[in-house]
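Novice: attaching a predicted model along with its sequence, questions to come.
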Amino acid sequence: MEKHRRQYRGIPLILLLLLVVVTLLSIRYGAVQISVNEIFSSLRKYFTTPGTMTLNERIFMEIRLPRAILCLLVGASLAVGGVLMQALFRNPIVEPGLVGTSSGAAFGAALYFVMGATFKFNAGEWTLPFAACAGGILSTSLVFTLSQSKQTGKSSIVALLLTGIAINALFMSGVGFLSYIARDPQARSITFWNLGTLSGANWHSVIIIGISTVMCIAVALKYSKHLNALMIGEEEAGYLGINIKRLKLIVLLINVIMVAVATAFVGVISFIGLIVPHLLRILHGSDNRSLIRNGVLMGGILLSSADLTARMLLKPAELPIGIVTSVIGVPVFIILLRKKNYFF
Amino acid sequence: MKKLKVLAGACLLLLGCGRFSNKDEKQEHTERIVCISKQYSEIIYALNAQDNIVAVDVSSTYPPEIKKLPTVGYHRALSAEAILAMNPTLILQDNNIGPEHVVKQLNDLKIPMKNFGKYQNTIPGTDSLIREMGAYFHKEQRADSLCMKLEKDMKTALESAKQYTDSTKVLIIHFGQASNIYLVMTKKSTAAKMIEWAGGKMAVNDEKGMKQISPEIVAASDPDVILLTDFGYDRLGGSPEKIKELPGVASTKAYANKRIYRIEEHDMVYIGPRTGENVLNLQKLIHQSGKTP
Amino acid sequence: MLSAKNITYKVGGKTLLDNISVDFEEGNLNLIIGPNGAGKSTLIKIICSQIKPESGAVHYAGKNIAATSLSELAQIRSVLSQNIELAFPLTVKEVVMMGRYPHYDGKPGQKDEAACQEAMDFFDVSAMADRNYMTLSGGEKQRVHFARVIAQIWCPVTGSNRYLILDEPLTFLDVHYQFDFMHKITTLLKSKDIVVIGVVHDLNLAARFADKIILLNNGKLLASGNKNEVLTKENITTAYRLEPVIHREKEKMYLFFG
């Protein structure tokens, strides 16, 4: 594909422009009418005289703006998670949720909702994400350990996939059971939570997710070369001097951290991790370094657009964002599957 | 998959109500109240204090004119901006709103929120609630007459109930729009109280107020009468064939005798000014025999 | 020199390699032959450090590879596996550049770009550099992998030999490219520091090009040495259970069956 070389230069720039446009739209529009003037005065006052802010200005600073930033961060996490998993598994039908992370995180959250009141240990706002992360780490470790062959101590990718499916089923039925025994209000929390929503965005969550996303993506970029080598096979990558076991462990770990932390705050959002790598591969090929960099941009664009749609379509009500991503994601996915000249 | 069910349910819920596009006709009002409780909403209208109510939650459906107001969404799935878009000076809620982070966001922005006293879910309890709300809205006289009417209606209803010697077993089937499944109401629900007052007996017992329907539950309850709440009933088109498909219903006495009726949810799930009338109507409904709905 | 001493390898009670000791010298083309199931691929994998023998050791120029890290090995030894499944759309150049991965962090340097280009020239794939690997024929894909594998050890390493290990490299090549490849390897060997070890099935190619032939049979070392020492009627009949007709013409040796 000679076209790749010429096309590639333009792509990051176009994506960046799109990202800026979508971000500006998500800041400007919402159920509450906030004018451009109010946006500027809000920023000005926040750093000088916060006590004098009007309600609209405070809505902007405390609800609208953190939400827009959170969309970018979560979109980036989910997209890069997808890139990493597809590289690791050498399979395009792979999402970060496949190794059990999302279902584990959902289970941790469900447990918090049903039993949270009875827990003595209560870290206030942090109990929920902590529970979700713990769940995500537990489920992922289970997948990783159970898929290892007793003889060689290695886990083949097929074994990982199959074990992931089994563990996902286990944890999701756990969530189902918890929502069944839960008292009504809590049950509804669980189900709505599992469709994902960014309506709880605040600066705390932005900071936490920001830190985890930036750190994990920096590490991912460092290993992008190794992930490329994996494309010609585990054995061959070993001959190129790459420690496969260590690579798998590190990549899985950063995937778990990124996805679990994001899931803890916004719920399970599907398809971003599946669609973004595919679209990018069509645009510029499979080099993982480019996939990761552009994935950050495209993930942010997709999730911000989805969130804007979720907020504005049935204004002033909000659709859970998982509905929007599925409605966009499924047709795109089917089109991708049917494209004949797209090799896997 | 559960997720798909909720997806479908959420879509149904949201798209089925055109109330989201209702216009805000009260823009010039200086006092703007958003009410997120169906019980409070009905009482406010009964008190004739609805002038400054600018928006309600989607479950507030009585009286019929309330549906002309804009709505802020489902009371357990709110979003802060949706409420703030109505520019409220006060939010009325009965401590049953969610998700928690929205409550926190509203508190952080120092939006005034009020809930009235948490009274017992009984006639005297509701009496106190109506009087408290009457005092708040300066409609004490009206509150007084509402309470007197409630008391009088209840007295009539309870007297009238004595004429029925058979203890009719009643099964109430409700469609949960949030979870998109059919539920049965149990002895712990508010509806159960009304059934008792109407001289009937709730057929299902449980810890919680509502339980997912299953063939065993329906069969074990052996009801003489089945009541379906409005949304669930309409969803099946009211046709006996469709109703028959609900788990376990086909083999009940109620179905055989064609004693399956439609009721309004807002008549059954909370006690309010009309409860006396509702109980009376309920009596007539469950003690009649063999009429098709 | 690469030396394998007393290599034994067992799997599930079955002995795949039984006390094999062989030396492979630099500047030589060493070819391993033998019937199916003789243990050739297993021996190759042990030499590459892909699997560990039950007993015995492999030394690269006196250094035990069990004590050498993967990345150190990758700088001096490159391996061409039997079947390579690459199922992603990459350009030919991207595939060849992978050969340089052991030599750079982050972005490739000038030395890496040069090595990559020269390796592609060497195996005649430069014209295809920007083409999608997935659109190539089997033979073209094989040549791309040759280029990659050569790129990995293109630059001499001071104080060390370079090792090129090839597991059945000729499978997808037509007769022209088979000979072409063998000639290219011979050219490579002019740098006296390279050790080439290959597994082939074609006895005539072994006879024509190999400096040293190693004949394995049933996990045992049946014969090793030059073509006259190894490719005898007795050895071939024992190993392949088929009697050859050997024709000599001056220096060359041809084997026929039938």
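Specialist: Received the coordinates, thanks. Numbering: from 1, shown residues only, chains lettered A, B, ... in the order given.

Novice: now the strands: where do they sit in the stretch 151-293 of chain B?
Specialist: Assigned by DSSP state E, counting those that start in this stretch, the strands in the stretch 151-293 of chain B fall at B:168-176, B:181-185, B:200-202, B:210-212, B:225-229, B:260-263.

Novice: now those strands in JSON lines, with mean neighbour count and mean pLDDT?
Specialist: All C-beta atoms are positioned from the backbone trio N, CA, C, and that covers glycine. Shown next, in JSON lines, are those (neighbours: other C-beta atoms under 10 Å in any protein chain shown; pLDDT from 0 to 100):
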{"stretch": "strand B:168-176", "mean neighbour count": "24", "mean pLDDT": "88"}
{"stretch": "strand B:181-185", "mean neighbour count": "21", "mean pLDDT": "87"}
{"stretch": "strand B:200-202", "mean neighbour count": "22", "mean pLDDT": "88"}
{"stretch": "strand B:210-212", "mean neighbour count": "17", "mean pLDDT": "82"}
{"stretch": "strand B:225-229", "mean neighbour count": "25", "mean pLDDT": "89"}
{"stretch": "strand B:260-263", "mean neighbour count": "20", "mean pLDDT": "88"}
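
Novice: minimum distance to chain C: which of those has it?
Specialist: strand B:181-185 (43.7 Å; C-beta to the nearest C-beta).

Novice: mind listing the strands the closest one pairs with, and their directions?
Specialist: The sheet places strand B:181-185 alongside strand B:168-176 (antiparallel), strand B:210-212 (antiparallel), with pairing taken from DSSP bridges.

Novice: tell me the residues of the stretch 201-344 of chain A that contact chain B?
Specialist: Contact residues, the stretch 201-344 of chain A versus chain B (C-beta under 8 Å from any C-beta of the partner chain): A:202, A:268, A:311, A:314-320, A:322-323, A:326.

Novice: now for those residues: which two are most distant?
Specialist: Comparing all pairs in these by C-beta to C-beta, the longest separation belongs to A:202 and A:326, at 25.9 Å.

Novice: buried residues, the helix or strand encompassing residue A:174. List them.
Specialist: Following DSSP states H and E, one finds residue A:174 within helix A:157-181. Across helix A:157-181, burial judged by 16 or more other C-beta atoms under 10 Å in any protein chain shown covers A:157, A:160-161, A:163-164, A:167-168, A:171-172, A:174-176, A:178-179.

Novice: closest to chain C among those residues?
Specialist: The shortest approach to chain C among the buried residues of helix A:157-181 belongs to residue A:157, at 11.9 Å (C-beta to the nearest C-beta).

Novice: and what about residue 23, helix, strand or coil?
Specialist: Using chain A here. Here residue A:23 is helix, with the state taken from DSSP: H, G, I helix; E, B strand; the rest coil.

Novice: can you look at chain C instead?
Specialist: Criterion first, three-state DSSP; result for residue C:23: strand.

Novice: number of residues surrounding the residue in chain A that chain C sits nearest to?
Specialist: Closest residue of chain A to chain C, C-beta to the nearest C-beta: residue A:241 (2.8 Å). Residue A:241 is flanked by 21 other residues according to other C-beta atoms under 10 Å in any protein chain shown.

Novice: mark out where each domain of chain B begins and ends.
Specialist: Following automatic domain parsing, one finds the domains of chain B at B:18-115, B:149-287.

Novice: done for today, thanks.
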